[in-house]
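Chemist: The following block contains a protein sequence and its predicted model.
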Amino acid sequence: MYPGLPGGDSGELMATAKDFGVSHPPGYPLFTTMAAIMIHLFPIGTCAWKLNLMSSTIAGLTNMMMFINVKRFSGSDAAGVLAAGWCGFSRVFWMWSIQGEVFSLSNLFIMVIMYAAWRFANAEGRSGKFYEAKLGALICGLSLTNQHTSVLYIAPTALWVLFTLYNYDLADTYSLFQVGLRGLAGLSPYLQLPISSIFFKARVSWGDHRLFSDFKKHLLREDFGTFRLVSSSEQSTLWDNFMVYFNDSKTELTIAVWILFVVGMLIGLTLGSKKQREVMLIYMAMFGTYHLVFDSLANIKNPSGIFHGVLERFWLQPSLALCCVAGCGVGMIFQFLKEKANCPALKYLFLSLAVIAIGYQIQHNYEDCHENDNYFFWHFSRHILDQLPKRSILLTSGDFSTNTFRYHTIGEEYRTDVMVMDMQFMQAYWFYIMLMPINFPDVSFPGLYKPGKESKYPFYNLKKFLDENFDKYPIYMCVEVPKAEDSIEGYYEAWPFGMCKVFVRVSDNRDPLEHVTSMPWINLEKYPLPDLDRYEPQTWEYTMAMSMLETYSKPATWLWNRANSMTDQALKKKYYETAMNMMVENRKHVFDMVEKGLVTKNVVYYISPLEKRLGHLSLIFYSMTRREDPEMASYWTAECKKYYTNYVEWHRDSVLRKDFMWDTINSIIKLEDFSGIQFD
């Protein structure tokens with residue numbers, strides 16, 4: 001279990017729960033309410049530790065429900081243990097079970113819905129069916145207050161239940177009203193959204209839910225697109241998405257689970273009892289409906305890196321049905337063998353085999369999934385907050401940085417003097433009604449933020465915001481300046497400052513060389529990076545490590561880029577020399593940390609672009625010295641070849657061969673004399 005803050009949405013979920021605010025669409029009111037109770041009533045631990053514990057406990061209940069489902073369907077304890085353990089200790093389930101996120105609760109509801117379907121199929125008589133229908137409606141309503149994707153399990157189940165009620169003469173208006181009333185009662189946690197907006201002054205919260213239009217917009221995720229994953233117009237096909245899921249599940253759960261899934265489906269539909277066939281049919285309908293709808297609407301094309309991780313979370317739900325059906329198949333095989341052998345003791349053998357298989361699964365995934373010493377995001381955000389002066393404004397955007405700062409300033413009440421402003425929030429009218437009076441009463445906001453060069457009332461751009469506040473507060477930005485935001489050109493510049501940037505007024509004529517030598521540096525020895533050999537590109541840890549390594553060399557690159565536009569040759573050379581020295585020092589520092597074991601050996605992704613930059617600079621210095629100092633030019637020739645050769649050798653078979661300079665670099669390495677190269 002994570003001992004501290006995980007990445008992604010966890011920081012936001014924890015911060016909103018602390019003040020009983022509203023999380024990002026669709027709001028997750030049930031999770032927020034449970035988290036708020038856990039934060040304020042559980043006596044020990046930080047907010048992060050408490051919610052990580054809550055998610056882990058819920059994951060344990062999910063595994064228990066998997067065991068119960070398989071046991072009830074097949075009659076085999078061993079199959080229930082195997083299905084629950086194999087699924088629960090697979091990498092993706094394990095990873096998302098030990099952090100304060102909504103997915104554990106969503107998984108629990110899926111298993112409870114499947115169990116409710118079994119109970120309904122096995123209920124006796126009109127009164128039994130009617131009772132289970134009402135109970136199931138309540139469960140389904142509650143599940144929709146966490147993740148909307150559960151509707152893909154609910155829809156086929158609801159049709160089946162209505163058809164069954166009709167056959168039992170329970171489809172009259174009064175009976176359906178009773179069932180529907182339970183469903184509405186299950187949706188009641190959504191009252192948390194307007195209650196939060198009316199009665200609670202949350203320091204981080206989405207929307208003004210005193211208005212029904214905002215409530216509806218939030219509930220339907222209109223900003224992202226209802227049933228879409230991201231606010232993008234890209235679209236992938238149903239088949240492409242299913243094949244990505246199929247290939248991933250083969251890796252995570254093995255092809256054996258798919259084979260047992262097919263076996264379980266065939267046995268359940270052909271050799272099972274009437275009730276088993278009915279339940280198996282609805283399980284298959286749940287699985288099929290999820291993929292048919294979700295894979296058609298999921299708008300992440302060719303997922304890679306962190307976007308692959310986004311899809312991964314939503315594959316948890318169909319994988320629950322996959323493992324449950326596979327477990328049912330194994331259980332029916334176990335029961336058949338036990339009866340044929342007429343040996344009750346076989347159940348102990350099957351149970352032993354299940355425990356051995358689970359032990360293998362734990363051993364196989366432990367190294368990738370144990371996070372008992374993971375404080376990376378905790379250190380990342382505190383390191384940045386500690387560098388900022390008092391009463392600073394910190395502009396952010398995106399989950400990676402914003403949510404970590406939200407957690408510390410709100411969840412832990414740490415550096416509450418730093419004013420963290422989400423630039424996405426600043427584009428919403430409710431930011432100025434709900435959040436500004438609580439968090440930023442003295443900051444000037446001249447309207448509604450809208451990136452761009454032109455800005456007319458009631459909108460303002462970044463330049464106007466800086467004009468209003470630059471002399472009152474130090475202003476930093478922990479994100480790239482938006483591409484659409486060109487209003488500051490000629491008036492302000494964003495200079496590197498540790499992991500962030502600080503805004504500088506052009507007319508102040510500050511010295512860039514003095515700035516980079518006095519700015520705070522990232523202390524990679526005090527705050528070690530995640531192991532890039534362990535964390536895959538779809539994890540937040542990998543994203544954080546790459547961001548820190550890239551930022552580590554940005555001051556030198558920034559000086560180099562400034563030098564490129566200079567006309568004063570003496571000053572230009574001074575900038576180049578400073579940038580070169582900084583890059584060489586960065587390179588040496590990283591290799592020193594590799595030797596000390598503070599950084600993984602897999603830093604080639606960071607070192608390789610640095611090698612290329614050093615090769616470029618060596619070539620520039622060669623051009624500066626080739627006429628006046630041939631001996632020094634010869635030295636820079638050797639340095640250039642050394643750095644370029646490292647770059648080429650480290651990435652000979654890599655995707656970086658697509659680098660537009662790849663052929664040029666290879667040509668330069670082969671040259672004996674650089675005099676033929678043309679320089680600006």
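Modeler: Alright, I've got the coordinates. Numbering: from 1, shown residues only.
Chemist: Give me the number of neighbouring residues for the closest residue to W94 other than its chain neighbours.
Modeler: Computed as CB to CB, 6 or more residues apart in numbering, the closest residue to W94 that is not its neighbour in sequence is C369, at 4.2 Å. Using the backbone N, CA and C atoms, a C-beta is placed for each residue, glycine as well. By other CB atoms under 10 Å, the residues close to C369 number 18.
Chemist: And N439, by the same measure?
Modeler: Burial of N439 is recorded as 18 neighbouring residues (other CB under 10 Å).
Chemist: That one contacts R203, doesn't it?
Modeler: Yes. N439 is within contact range of R203, at 5.7 Å (criterion: CB atoms under 8 Å).
Chemist: ok, back up a step: and the residue nearest to W94, how far from R313?
Modeler: Distance check for C369 against R313: by CB to CB, to the nearest Å, it reads 15 Å.
Chemist: now I488
Modeler: Relative to R313, and taking CB to CB, I488 is found at 37 Å.
Chemist: N374 too?
Modeler: 18 Å.
Chemist: Past the helix or strand encompassing A357, which element shows up next along the chain?
Modeler: A357 is part of helix 346-369, with elements assigned from DSSP states H and E. Following helix 346-369 in sequence order, the next helix or strand is helix 376-387 (DSSP H and E).
Chemist: E493 in helix, strand or coil?
Modeler: Secondary structure, DSSP: H, G, I helix; E, B strand; the rest coil: E493 is strand.
Chemist: what's the closest non-adjacent residue to K501?
Modeler: Closest to K501 by CB to CB, 6+ apart is A494, at 4.0 Å.
Chemist: For beta bridges, what are the partners of that neighbour?
Modeler: F503 (DSSP bridges).
Chemist: so what's it up against?
Modeler: Listed by CB atoms under 8 Å, 6 or more residues apart in numbering, the contact set of A494 reads 477, 481, 488, 501-504.
Chemist: Need the contact partners of stretch 58-70.
Modeler: 76, 79-81, 83-85, 87-88, 93, 97-98, 104-105, 107-108, 111-112, 114-115, 118, 320, 323-324, 327-328, 331.
Chemist: just how off-centre is that stretch within its chain?
Modeler: For stretch 58-70, the separation from the chain centroid amounts to 25 Å (computed by CA atoms, centre = their mean, to the nearest Å).
Chemist: looking only at pLDDT, what's the mean for it?
Modeler: Stretch 58-70 shows a mean pLDDT of 95.
Chemist: go on, stretch 549-557?
Modeler: 77.
Chemist: From the opening residue of it to its closing one, how far?
Modeler: Start and end residues of stretch 549-557 are separated by 13 Å (CA to CA, to the nearest Å).
Chemist: Which positions in that stretch come out as buried?
Modeler: Within stretch 549-557, the residues that qualify as buried are 549, 551-553, 555-557, counting by 16 or more other CB atoms under 10 Å.
Chemist: Repeat that for stretch 257-277.
Modeler: In stretch 257-277, counting by 16+ other CB under 10 Å, buried: 257, 260-261, 263-265, 267-268, 272, 276.
Chemist: Which entry within the residues you listed corresponds to the minimum pLDDT?
Modeler: Within the buried residues of stretch 257-277, pLDDT is lowest for G272, at 82.
Chemist: What sits closest to that one if chain neighbours are left out?
Modeler: Using CB to CB, 6+ apart and skipping the chain neighbours, the partner closest in space to G272 is M280 (6.3 Å).
Chemist: my guess is that neighbour meets V325, correct?
Modeler: Yes. Contact criterion CB under 8 Å: M280 and V325 qualify, at 7.2 Å.
Chemist: joint contacts of these two?
Modeler: 264-265, 268.
Chemist: out of those, who's nearest V584?
Modeler: G264 (61.1 Å; CB to CB).
Chemist: Now the closest one: closest residue in space that isn't a chain neighbour?
Modeler: Closest to G264 by CB to CB, 6+ apart is G329, at 2.4 Å.
Chemist: how far away is that neighbour from I358?
Modeler: In terms of CB to CB, G329 sits 17 Å off from I358.
Chemist: The two: which has the busier surroundings?
Modeler: Comparing G329 with I358 by other CB under 10 Å, the one with more neighbours is G329, at 26 against 17.
Chemist: how much space between the nearest residue to M286 once chain neighbours are set aside and K129?
Modeler: The shortest distance from M286 to any non-neighbouring residue, by CB to CB, 6+ apart, is to Y153 (4.6 Å). Going from Y153 to K129 by CB to CB gives 20 Å.
Chemist: sorry, back to before: tell me the one among the buried residues of stretch 257-277 nearest to E468.
Modeler: Top of the list for closeness to E468, among the buried residues of stretch 257-277 and by CB to CB, is V257 at 58.7 Å.
Chemist: Okay, and F294 sits in which element?
Modeler: Going by DSSP H and E, F294 is part of helix 274-297.
Chemist: chain center to the helix or strand following that helix: distance?
Modeler: Note on helix 274-297: by DSSP H and E, the next helix or strand toward the C-terminus is helix 306-314. Counting by CA atoms, centre = their mean, helix 306-314 is centred 7 Å from the centre of its parent chain.
Chemist: Then stretch 313-320?
Modeler: For stretch 313-320 - counting by CA atoms, centre = their mean - the centre lies 15 Å from the chain centre.
Chemist: Also stretch 530-540?
Modeler: 13 Å.
Chemist: F20 versus F425, what's the distance?
Modeler: 18 Å.
Chemist: What residues sit buried inside stretch 342-350?
Modeler: Using 16+ other CB under 10 Å as the burial criterion, the residues of stretch 342-350 that qualify are 346-347, 350.
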